[in-house]
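Undergrad: how would this look folded up:
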Amino acid sequence: MRSDCYYRARYYDSQIGAFTSEDPTKEGIARSLYSYVANGPLTHIDPTGLHRIYFDGRAVRVFDDSGFLVLKCAATSGKNGSLPIQTNESFKGPIPKGKYLIYPEEFSGGPGIKTWIRDAFGNWGTWRIPIHPVPGTETFGRGGFFFHGGVHAGSAGCVNLHKCDVAFHDLLANHAGPIPVEINYSNFQYTDEVSALP
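TA: Predicted structure coming up:
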């Protein structure tokens, strides 16, 4: 019985439960070149197996379906001065590390009077989208996580994209299906394959 199956970009061996050919993106983010959807094939879904978002406490990086870094935004999470060890503190600490999903059809906001009024009472920016933890991600009983824009540094558990929320929305709003998100504060290593980023 043949155990190799071709899945659009590489071969998978069902007998050993792993890909037998390298990830064609080879983006050099200090991960196995044989991984799939942030090493979470049971909880992450991506039709091409390659689209994903990473947040390391300082920046959000979006990789497209070909594995290229297409957007890098300065970003913060947690109230000003909070640290990753405070992820268990509601209304203060940053979003807990782990694996999450966003669903592009859940973007809300947009330019106009409603956004202006909402911003008058908070720090939401033009666009926002809920971030959903996948089973196994420890959120310490916290919820209501979002990617959103805003002019003030920090956000109580959400990821504040500052003025990059419009570019984030414009890039992802029409993506088909959920997009995996990884939050990891421990020395995230990457290689920029795009020299000029927005």
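Undergrad: Kindly confirm my reading that residue 159 is in a helix.
TA: No - Residue 159 sits outside any helix when classified using DSSP: H, G, I helix; E, B strand; the rest coil, being strand.
Undergrad: So it is in contact with residue 75, correct?
TA: Yes - Residue 159 lies in contact with residue 75 (CB atoms under 8 Å); the separation is 5.4 Å. C-betas here are computed from N, CA, C, even on glycine.
Undergrad: Pick out whichever of the two has more residues nearby.
TA: Using other CB atoms under 10 Å, the more surrounded residue of residue 159 and residue 75 is residue 159, with 26 against 22.
Undergrad: Show me what the more buried one is bridged to.
TA: With DSSP bridges as the criterion, residue 159 is bridged to residue 77, residue 147.
Undergrad: pLDDT at it, what is it?
TA: Looking at residue 159, its pLDDT is 94.
Undergrad: quick revisit: show me whatever sits in contact with both of residue 159 and residue 75.
TA: The contact sets of residue 159 and residue 75 overlap at 55, 60 (CB atoms under 8 Å, 6 or more residues apart in numbering).
Undergrad: What residue spans form the domains of this protein?
TA: 1-35, 48-183 (automatic domain parsing).
Undergrad: Now do the first one, average pLDDT.
TA: Per-residue pLDDT values across domain 1-35 average out to 57.
Undergrad: ok, now stretch 88-97?
TA: Stretch 88-97 carries an average pLDDT of 91.
Undergrad: what's the answer for stretch 60-76, then?
TA: 87.
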